[in-house]
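In: here is my input, please return the structure:
(one chain, ligands or ions: 1)
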Amino acid sequence: MTLTAKSVARVTLVSALLTAVAGAAIIGASPASGAASTLGAAAQQSGRYFGTAVAAGKLGDSTYTGILNREFDMVTAENEMKMDATEPNQGQFSYGNADRIVNQARNQGKRVRGHALAWHSQQPGWMQNMSGSSLRNAMLNHVTQVATYYRGKIYAWDVVNEAFADGSSGGRRDSNLQRTGNDWIEAAFRAARSADPGAKLCYNDYNTDNWSHAKTQGVYRMVQDFKSRGVPIDCVGFQAHFNSGNPVPSNYHTTLQNFAALGVDVQITELDIEGSGSTQAQQYQGVTQACLAVARCTGITVWGIRDTDSWRASGTPLLFDGSGNKKAAYTSVLNVLNSGTNPGPTSTTTSSNPGGGGCTATYSEGEKWSDRFNGNVTVSGTDNWIVTVTVSSPQRIIATWNTSATWDSANVMTARPNGNGNTFGFTIQHGGNWNWPSVSCRVG
Ligand code: G3I
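Out: The predicted structure is shown next:
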């Protein structure tokens, strides 16, 4: 018996959210009492992070560092981990500025996104004129050396950055790396996995926000292909640099959802939106809601702290003004993060198992909180049941009732009667993954 999928409807609600509908009501409002007062803490309520790009040269600026330490729980080096910064001469690695950022972040209990191991741009001079197998080997050595140096310290690496062409082709961008062979991207991912098996490995690009764009479709097909062939990819980064010529698309949620459905995390990695006032605030709100509506959208990073820190400062695209004051866009993002706007538990492959001799297990939703939800299973057909409950990572079952439970693995619980009837329950700490568990039943 398949279960009711009422909660799925909640996800579809969000597809309308980037139209101007949601806007004005929450912009400018103060956080509700009990709500988190910083971006990072607010994001953590749904198991997500809120990060920023950091420049090593600004760490001595106390206004900058004060906002960084207070507001953000994930850090990306804006330029200091790029190929030209970390391997200025072939075989000679330079980590000083990158280390300053990584150490500052980790000392403050923040995590780090690594950006970026392989890219056609920002290559050191010695690499720019290389080609063929010597370039391929140099690139792979770079990936291996840098990922090994930072092994265990990086939450997610942008393994390959911006490898797809703009425009209508949907294909790869021409570059010296592309000319070493179409498999250069998967080769980079395999090298990164070997060097740091604990880091999530991402493909990262811009202009991939609109689901109907050829570039988005091209990246989607590559990720689909990688997943089908076992190429180690864990996540897709959407840079999300928006302005009036490249506005937040109305189908943004669809894009994030469709990539997530391939079995990867999605992350908004370099968010900035040119503009000001309530217009800018509404667009930030829409992007934040789109992420919260996708269970596997694990976090948002803005590309800088104050407007004056931005690579396009004249567009005032960030959440703090040049003096470090919170803008309307800041408040709208914080309020969305605090609003609990999330899809709620989502129906997946929940099953019963009549093959076990007429035993049926039915899952139903219980209460929901920002970090956990309850579920109940009712068994019919026998009083002598054995029910297997499987949750998906990073979920964990942290409490059970009306059952005697044993564990086959961290994700798989076996439940048996404990004299309290044929309905039992459990609490799942979801870590941002709102999928329902799958349940199956057999007669004991
Ligand atoms: O530090 C030097 C300085 O000493 C020198 O005087 C000055 C003038 O030449 O240049 C300074 O370096 C600049 C660096 O930013 C630091 O400010 C580089 O020229 C400049 O090219 C570099 O721009 C960066 C750009 O990537 C190119 O790597 C931006 O800061 C950075 O925000 C931007 O970030 C990229 C992401 O990595 C990928 N996605 C797009 C995003 C925006 O372009």
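In: the bottom helix or strand of the protein by mean pLDDT?
Out: Least confident helix or strand of the chain, by mean pLDDT, DSSP states H and E, is helix 8-13 with a mean of 28.
In: who in the protein is up against the ligand?
Out: Where the chain comes near the ligand, counting by Cβ under 6 Å from any ligand atom, the residues are Glu78, Asn79, Gln122, Tyr206, Gln239, Glu270, Trp311. The C-beta positions use only the backbone N, C-alpha and C, and glycine is treated the same way.
In: of those, which is the most crowded?
Out: The most crowded member of the residues of the chain next to the ligand, judged by other Cβ atoms under 10 Å, is Glu270 (24 neighbours).
In: name the nearest residue to the closest residue to the ligand within the stretch 101-250 of the chain, sequence neighbours excluded.
Out: Nearest residue of the stretch 101-250 of the chain to the ligand, counting by Cβ to the nearest ligand atom: Gln122, 4.5 Å away. Distance criterion Cβ to Cβ, 6 or more residues apart in numbering; nearest residue to Gln122, sequence neighbours excluded, is Lys82 at 4.3 Å.
In: got the contact list for the one you found?
Out: By Cβ atoms under 8 Å, 6 or more residues apart in numbering, the contact set of Lys82 is His115, Ala116, Trp119, Gln122.
In: identify the farthest-apart pair in the residues of the chain next to the ligand.
Out: Greatest spatial distance among the residues of the chain next to the ligand (Cβ to Cβ): Asn79 and Tyr206, at 16.1 Å.
In: and the residue in the chain positioned nearest to the ligand, what does it touch?
Out: Nearest residue of the chain to the ligand: Trp311, at 3.4 Å (Cβ to the nearest ligand atom). Contacts for Trp311 (Cβ under 8 Å, 6+ apart) come out as Glu78, Trp303, Gly304.
In: need the pLDDT of the first one.
Out: Model confidence at Glu78, expressed as pLDDT, equals 98.
In: OK, contacts around Ser364?
Out: Leu3, Gly375, Asn376, Val377, Thr378 are the contacts of Ser364 under Cβ under 8 Å, 6+ apart.
In: what about dumping the CA coordinates of the helix or strand where it lies to CSV?
Out: Using DSSP states H and E, Ser364 falls within strand 360-368. Output in CSV follows, covering the C-alpha atoms of strand 360-368 (Å, rounded to 0.1, in the frame of the first residue of the first chain):
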residue,chain,number,x,y,z
THR,A,360,1.2,-4.4,6.2
ALA,A,361,3.0,-1.4,7.7
THR,A,362,1.7,2.1,7.1
TYR,A,363,3.7,5.2,7.8
SER,A,364,2.0,8.4,8.9
GLU,A,365,3.4,11.9,9.7
GLY,A,366,3.6,13.1,13.2
GLU,A,367,4.7,16.5,14.6
LYS,A,368,7.4,18.5,12.8
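In: partners of it in the sheet?
Out: strand 372-380 (antiparallel) (DSSP bridges).
In: flag every buried residue along the strand it pairs with.
Out: Arg372, Phe373, Asn374, Gly375, Val377, Val379, Ser380 (16 or more other Cβ atoms under 10 Å).
In: what bridges to Thr400?
Out: Phe426.
In: can you pull out the low-pLDDT segments for the stretch 301-444 of the chain?
Out: Along the stretch 301-444 of the chain, the model assigns pLDDT under 70 to residues 340-357.
In: what about the strands in the stretch 101-250 of the chain?
Out: 111-119, 156-161, 200-205, 235-238, 241-242 (DSSP state E, counting those that start in this stretch).
In: ok, residues contacting the longest one?
Out: Read that as strand 111-119. Contacts for strand 111-119 (Cβ under 8 Å, 6+ apart): 49, 51, 73-77, 81-83, 101-102, 105-106, 139, 142-143, 146-147, 150, 153-162, 177, 184-185, 188, 192, 199, 204, 267, 269, 301.
In: again, only this time at 6 Å
Out: Residues outside strand 111-119 that contact it (Cβ atoms under 6 Å, 6 or more residues apart in numbering) are 74-76, 81, 102, 105, 139, 143, 154-161, 188.
In: likewise for the shortest one?
Out: Counting by Cβ under 6 Å, 6+ apart, strand 241-242 makes contact with Tyr206, Val248, Asp272, Ile273, all of which sit outside it.
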